[in-house]
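*Asks:* Model the structure of this input:
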Amino acid sequence: MSLLEDDMVSTTFNNLNPAKKAKISQALLTEFSSHPLPDSQVSRIIKTAGIARGAFYKYFDDLQDAYRYTYQRAIKYIHSGPVDETSEMLTAEQYLKQVTDFVEAVDDSQYCGLLKMHITKNENLLRNWNEDNQQAESLMNQEPLIWANAVLAHETIKLVLLNPSEKKSLLDRYFQAIQKLTKKEL
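*Replies:* All right, here's what the predicted structure looks like:
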């Protein structure tokens, strides 16, 4: 279970007028889509957003806090469609549809650059986030086949984002593997 984005920022930020909040959010997205977290700079964010450095620190504890807010907004947006989070085994076709829908939602969103930067540069830096640990614990409590699909689905998504020209072959390969996992005789 992930944290709500409103829990990651100050009340002051949550109470900003929508236009100012959107401008700051866009500045964060631009920065974190263009630079890995260790190379990101508050100075670029505040210049793009047109805010003072002190205001940035009133809204966020630090760059990692601002990154977490931005990443969670992206995930919330991309998962805004129907997502079946059941603990029941689905059919191979249902799993393929979920992965395909996710990849297409990323491709069609303003968050594509952020997610690519996340999986190539930032993901391993942020392994200690509570929500990551909670998700790992949740997966460990699933049946082995559901766990295997989750691992395979996430890896397929990463590979598709990193190799968009291989999207069809990667999704086909995922489907072949998941067909074997979802067979009843296993």
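
*Asks:* Quickly list the domain ranges of this structure.
*Replies:* Split into domains by automatic domain parsing, the chain comes to 5-78, 92-182.

*Asks:* and those, which one's lowest on average pLDDT?
*Replies:* Averaging pLDDT over each of these singles out domain 92-182 as the lowest, with a mean of 88.

*Asks:* Span of it from start to end?
*Replies:* Using C-alpha to C-alpha, to the nearest Å, the end-to-end distance of domain 92-182 comes to 6 Å.

*Asks:* distance between it and the chain's centre?
*Replies:* Shown here is domain 92-182, whose average C-alpha point lies 10 Å from the average C-alpha point of the whole chain (C-alpha atoms, centre = their mean, to the nearest Å).

*Asks:* hang on, the earlier thing: save the domains of the chain as CSV, and put in mean neighbour count too.
*Replies:* (Each C-beta comes from the backbone N, C-alpha and C, glycine too.) Below are these laid out as CSV (neighbours: other C-beta atoms under 10 Å):
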stretch, mean neighbour count
domain 5-78, 16
domain 92-182, 15
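
*Asks:* other SSEs contacting the longest helix seen in the chain?
*Replies:* Among the elements of the chain assigned as helix by DSSP state H, the one spanning the most residues is helix 144-162. In this structure, helix 144-162 packs against helix 92-107, helix 112-117, helix 130-140, helix 167-182, with contacts taken as 3 or more C-beta pairs under 8 Å, 6 or more residues apart in numbering; DSSP states H and E.

*Asks:* ok, now with 7 Å
*Replies:* helix 92-107, helix 167-182 (3 or more C-beta pairs under 7 Å, 6 or more residues apart in numbering; DSSP states H and E).

*Asks:* mind checking which of these is nearest residue 79?
*Replies:* Set against residue 79 and scored by C-beta to C-beta, those come closest in helix 92-107, at 7.7 Å.

*Asks:* outside of the closest one, which residues touch it?
*Replies:* With C-beta atoms under 7 Å, 6 or more residues apart in numbering as the contact definition, helix 92-107 has outside contacts at 78, 81, 83-84, 112, 115, 149, 153, 156-157, 160-161, 167, 171, 174-175, 178-179, 182.

*Asks:* what's the angle from it to helix 144-162?
*Replies:* Direction vectors for helix 92-107 and helix 144-162, defined by axes from the mean of the first three to the mean of the last three C-alpha atoms, to 10 degrees, enclose an angle of 30 degrees.

*Asks:* could you check the angle helix 167-182 makes with helix 92-107?
*Replies:* Angle, helix 92-107 to helix 167-182, by the same axes, to 10 degrees: 150 degrees.

*Asks:* Fine, thanks again, bye for now.
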